[in-house]
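[1] here is my input, please return the structure:
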Amino acid sequence: MSRVLTRPPVRLILLALASVLLTSGFAVARELTFEQRVAAQEAIERVYYSHQIGTSAPFEEAVPRAVIEKKVRTYLKQSVAVETFWNNPVTSDLLHQELERMAVQTRMPDRLLQLFKALGNDPLLIQESLARPALVDRLARNFFAYDATIHTKTRYEAEAFHEDLVQGRLDPWSDHPGRTVAEYLRVDVVEAGARYDQGERPIAGSQGGTARIQLKRDEFDRYFASLPARVGEIGQLHEEREAFVTRVVLSKTREEIKVATVTVPKLSWDEWWHSAEGRLEEASVKALAPADDSLPVVRSEISPDALCLADDTWTPTLHVNMPSPRAGHTAVWTGNLMVVWGGYNGAYLNTGGRYDPALDIWSPTSTAAPSPRTGHTAVWTGSRMIVWGGNEIPHLKTGGRYDPISNTWSATSSINAPSARVSHTAVWTGSLMVVWGGYDALSYFQTGGRYNPVSDIWTPTSTTNAPTARGWHVSKWTGNLMVVWGGSPFTLNTGGRYDPVNDTWTPTSTTNAPAARVSQTAIWTGTLMVVWGGSSAEGGRYDPAMDTWTPTSTTNAPSARVQNTAVWTGSVMIIWGGITDANTGGRYDPGNDTWTSTSQTNAPSYRYYHTAVWTGSLMVVWGGFDGAVRIDTGASYALGHSQDDDGDGFSECQGDCNDANAMLWFSPVVVTNLVAFGQGPTQLSWDSEGGLVGPETSYDLVSGTFNAVLNLASGTCLQVAGGTTYIDTRTNPSLGSAYWYLARASNDCGVGSYGRSQRDNAIPSCP
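    Numbers count the residues shown, from 1 in each chain. Here you go, the predicted structure:
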């Protein structure tokens, strides 16, 4: 028989064999062993890790097997918990519904399809490894949050507090644990930075802390009407997801309200789960046969253009398991997750959540976290989120490093750290977090620090030629410099460029700089820092290489506002929200100096002190403050890319990996009609895939030896970026074995192991 494995037309045997390899042990109607579940979880983690921004460590180091095993054990134990504790067994129908929900609600359809592919497109494996973990985590946490038995002790304690308030045994005007105070002021014009940054901060001598919040007249009147009618009247005891709460009006006029809130926290999930999980037998969970043998249709399978959501459209995020309402929190984008942490909701918070737009699910962050705070900073390093500083009682010089893969925290050193502060800025340089400026209720700072998260060591930043002391400024990292601009006190239009390698400062020009301002936003385009907002509808584009400013157009620009958010998409800056009159925003094109309004249809409610991140295809907005209450809702905003910007015949919605370069199109795909004939040498040829991946496509050819078991990972690259033919001059394989071949169309989008391995995890990567 022939000792050369040839490829039939269109769908090669290798493609089917690759699928078998990925699903080996999973293919029949069967039970799943723990090892098979771990293998499936590892496949999922590899997909996610391939998209994580800034990774440097090998997968096995970043995602150790112990972490993967713990994730599997957790979802199995949660499956037991929902049936044992809450009599709600997981059924095949529930899992099918969860999978259907993901397929319909995914905000990243291409990412979801990659996860399906990593699991061999096996309905049972996908149901058990994707749908089950999401479903049981949501069910278990929701049942737990309002379980009367688990929270009996806390409820009795809260009822006793409430009764003491009603009977006058507890004075709501006096400080005691669990009591916080907020003052709401009715004003005609809200001053920039008057809520969280300058006004909403602790007052010395107030144990629970007092927040001063300016509200415009309509906001104030709405909140006024929601409170008890009389001063001193004890409000009803309300059960919230994480606490029992009672509110008391301490003083009330038509211009000012002072409200005390007494909070009795519930037992946390982490604390309860630590005591409960040991009683749950994970081995009792059996895989459930899918209710439907087919996979649900994911949006991007309908048509190529469906890879992108419609342009200028809003879609709500899943309103389950998200963090409690808050404002003044931080958020980072990891490449897979929006990680939200900290903030203020009548009390300082050290809780958070992770939003996965591919599955449209939220999962909480560990509560073994730094102390509660707001006004802190957060940066993403490629493996950790680092939070530092902020405002509790007193101000803080502490922080933490959060690993979203293992859901664990480790503290940052405070040795040689900058002094405690709030409303500072922080940037990530690729190896260091640089913190600068800020305020501590007494003084502004022109000091800062460089933090190395690997060594856990701080070194100070120079003050020589540093900008004047300030807070509520902006800072952006350019690739070699941190650029600081604007801020308070008394609003500034000065700034500086900091070189962390040489520890030197150079001032920024004030010629043509925007007007002085505070609480503005800024983005970095790759060549320019664009500043906008901060009580002005004007902005500026700063070129740090030339030290020059150019104003931004005001034509069609959004109305002036503070405490809005801004993200950079790669082509436009999207600003949204802020202290204005509506839930509005705009898209700014710095190349053409033009503005376009964002839609208000289905947009989130009016808010400020919220957060926003850019995922690569979506702006995700979450949380904030609407003038009366903190918010726990969010939405994703799609910036459609259905147009072909570079004229190569493909748009981003059709998979163009770089629509600014007509020579770049798609990530690698397996070719069709690969045939091999002859022996020693063997001649191979395949179809051009120009109609799919672009007219200038080049091809990689991978080959290996087949000995009873096909091991694609053992292959080698015979050709890199060549044509559609190849002559293999190797010696014929020994009797009983054969060569296998796999050709992939690639262009510059796929150069390097990242682009190739994420698409074809079972085969080697060409250099």
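
[2] for the residue nearest in space to the middle of the chain, list each beta-bridge partner.
    Compute the mean C-alpha point of the chain, and by C-alpha atoms, centre = their mean the closest residue is residue 338, 1.4 Å away. Note on residue 338: beta-bridge partners by DSSP bridges are residue 333, residue 355.

[3] can you check residue 551 too?
    residue 540.

[4] would you confirm that it contacts residue 512?
    Yes. At 6.7 Å, residue 551 counts as touching residue 512 under the criterion of C-beta atoms under 8 Å. Backbone N, C-alpha and C define where each C-beta goes, glycine included.

[5] list the contacts for the nearest residue to residue 626 once chain neighbours are set aside?
    Nearest non-adjacent residue to residue 626, counting by C-beta to C-beta, 6 or more residues apart in numbering: residue 607, 5.1 Å away. Applying C-beta atoms under 8 Å, 6 or more residues apart in numbering, we find residue 607 in contact with 327, 577, 583, 623-626, 631.

[6] which ones among the residues you listed lie within helices?
    Under the assignment DSSP state H, the contacts of residue 607 contribute nothing to helices.

[7] list just the nearest of the residues you listed to residue 705.
    residue 623 (55.7 Å; C-beta to C-beta).

[8] what's the neighbour count on the closest one?
    28 (other C-beta atoms under 10 Å).

[9] count of neighbours near the residue nearest to residue 395 when sequence neighbours are not counted?
    Once flanking residues are discounted, residue 395 sits nearest to residue 420: 3.9 Å by C-beta to C-beta, 6+ apart. Neighbour count for residue 420, taken as other C-beta under 10 Å: 18.

[10] residue 420 and residue 396 touch, don't they?
    Yes. Counting by C-beta under 8 Å, residue 396 is a contact partner of residue 420 at 5.3 Å.

[11] overlap in contacts of those two?
    Counting by C-beta under 8 Å, 6+ apart, the residues touching both residue 420 and residue 396 are residue 389.

[12] pLDDT weak spots in the stretch 201-350 of the chain?
    201-211, 299-309 (pLDDT under 70).

[13] what's the answer for the stretch 51-200 of the chain, then?
    Those would be 189-200, if you go by pLDDT under 70 across the stretch 51-200 of the chain.

[14] what are the ranges of the strands in it?
    179-187 (DSSP state E, counting those that start in this stretch).

[15] and for residue 600, the neighbour number?
    Residue 600: 12 surrounding residues under other C-beta under 10 Å.

[16] whoops, residue 497 was the one
    22.

[17] that one reaches residue 481, doesn't it?
    Yes. Between residue 497 and residue 481 there is a contact at 4.7 Å, judged by C-beta under 8 Å.

[18] end-to-end on stretch 679-688?
    Start-to-end span of stretch 679-688 (C-alpha to C-alpha, to the nearest Å) is 24 Å.

[19] quick one: contacts of it?
    Under C-beta under 8 Å, 6+ apart, the answer for stretch 679-688 is 2-4, 7, 671-677, 697, 699, 701, 724-732, 739, 741, 743.

[20] again, only using 6 Å
    The contact list for stretch 679-688, computed with C-beta atoms under 6 Å, 6 or more residues apart in numbering, reads 4, 671-674, 676-677, 724-729, 732, 743.

[21] neighbour-wise, give me the winner out of these.
    residue 743 (29 neighbours).

[22] where does it land in three-state SS?
    strand (DSSP: H, G, I helix; E, B strand; the rest coil).

[23] distance check, the residue nearest to residue 395 against residue 544.
    Per C-beta to C-beta, to the nearest Å, residue 420 is found 30 Å from residue 544.

[24] now swap in residue 443 and tell me
    28 Å.

[25] between those two, tell me which one has more neighbours.
    residue 544 (22 against 11).

[26] straight-line length of stretch 367-386, end to end?
    Taking C-alpha to C-alpha as the measure, stretch 367-386 stretches 15 Å from start to finish.

[27] how about residues contacting that stretch?
    Contact partners of stretch 367-386, identified using C-beta under 6 Å, 6+ apart, comprise 54-55, 268, 270, 328, 330, 332, 334, 339, 342-344, 348-350, 387-392, 396, 398, 400-403, 409, 422-423, 426, 428, 433, 453.

[28] for residue 280, give me its contacts.
    Contact analysis of residue 280 by C-beta under 6 Å, 6+ apart lists 77, 80-81.

[29] dump those residues to CSV, plus distance to residue 569 and neighbour count.
    As requested, the contacts of residue 280 are exported to CSV (distance: C-beta to C-beta, whole Å; neighbours: other C-beta atoms under 10 Å):
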residue, distance to residue 569, neighbour count
77, 41, 22
80, 44, 21
81, 41, 21
